[in-house]
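Participant: here you go, sequence then predicted model.
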Amino acid sequence: MEKSRISRRGMLKGAAAAVLALDGSVSAVSSAAAVEQLPLVQKTPVIGSKNVTGQKVEGSVAKVYFSPVIDAASLIKLYNLVNEEIYGKVAIKLHTGEPHGPNILPRDMVQALQKTIPNSTIVETNTLYGGGRENTADHRKTLEINGWSFCPVDIMDEHGDVNLPVRDGFHLKEVAMGKGIVDYDSMLVLTHFKGHAMGGFGGSMKNIAIGCASGQVGKRQVHGASMTGAPNFGAMPVKDT
């Protein structure tokens, strides 16, 4: 699990998120007894960490916690280990999925965690590709179908975009994010591992970056697509999953 933070002034002051990674093909022990018997927390060693940029960078090594148990109790325990900088109005960013899933996190786990976080809201943005989340009206229907109705859900680009700077950006100096992102003080990110057509695994960086970019502007910018859908630099698909 990692953590991140967003200021009301629209500057992203943190660089990661709180994460629970799930793989639907793995069967996890979920009894209360198992939670107590198995070691819940393990701090990963920093041996072998290497700066490959060739530049002197400021910052600290992230603390990563692992739980062999995937259930609501373990998720809450992990959150309590990393939440010292979670404050104020909290955005819970997750992938709410296309109608009927199946690639979504267990709703009961998310609901149990959300109940423990005061002033928290699930946040999403519309998609660039066609489907059940391409526009706000259809997105609201999909949220209801998939059971994301136990707390408020803010579709952050429902009322437009906000341009946020990209520090030392190569292709982009700023990206259009869902306008609602600046309404939150903190962000908690729940991410499931998944494959991606471009190779590799989608994770929390993607969940924050593409997941918070506005559907019709920011996502086109990040994918290198023009407003007509034509790629600007390379044969890059515009589909966002």
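Facilitator: Yes, it's here.

Participant: mind checking how far the closest residue in space to His139 that isn't next to it in sequence is from Asn119?
Facilitator: For His139, ignoring the flanking residues on the chain, the nearest one in space by CB to CB, 6 or more residues apart in numbering is Arg133 at 4.4 Å. Any C-beta I mention is one placed from the backbone N, CA and C, and that applies to glycine too. Distance of Arg133 to Asn119, computed by CB to CB, to the nearest Å: 25 Å.

Participant: for Val162, same thing?
Facilitator: For Val162 relative to Asn119 (CB to CB), the value is 21 Å.

Participant: same question for His139.
Facilitator: Taken as CB to CB, the span from His139 to Asn119 is 23 Å.

Participant: who's more crowded, those two?
Facilitator: His139 (23 against 11; other CB atoms under 10 Å).

Participant: residues in contact with the more buried one?
Facilitator: Glu124, Asn126, Gly132, Arg133, Ile155 (CB atoms under 8 Å, 6 or more residues apart in numbering).

Participant: in strands, which of these fall?
Facilitator: When these are checked against strands (DSSP state E), the matches are Glu124, Ile155.

Participant: nearest to Thr191, out of the contacts of His139: which one, please.
Facilitator: Glu124 (13.3 Å; CB to CB).

Participant: I'd say the closest one and Met156 touch.
Facilitator: Yes - assessed by CB atoms under 8 Å, Glu124 is found in contact with Met156 at 7.0 Å.

Participant: let's verify Ala137: helix, strand, or coil?
Facilitator: helix (DSSP: H, G, I helix; E, B strand; the rest coil).

Participant: how far away is it from Ile92?
Facilitator: Using CB to CB, we find Ala137 at a distance of 22 Å from Ile92.

Participant: compare those two (neighbour count), which wins?
Facilitator: Ile92 (24 against 9).

Participant: make CSV out of the contacts of His139 and add neighbour count and pLDDT.
Facilitator: Listed next are the contacts of His139 as CSV, based on neighbours: other CB atoms under 10 Å; pLDDT from 0 to 100:
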residue, neighbour count, pLDDT
Glu124, 28, 97
Asn126, 22, 97
Gly132, 18, 95
Arg133, 26, 95
Ile155, 21, 98
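
Participant: any chance you could map the strands in this structure?
Facilitator: 4-5, 90-93, 120-124, 153-155, 161-165, 174-178, 186-189, 194-195, 201-202.
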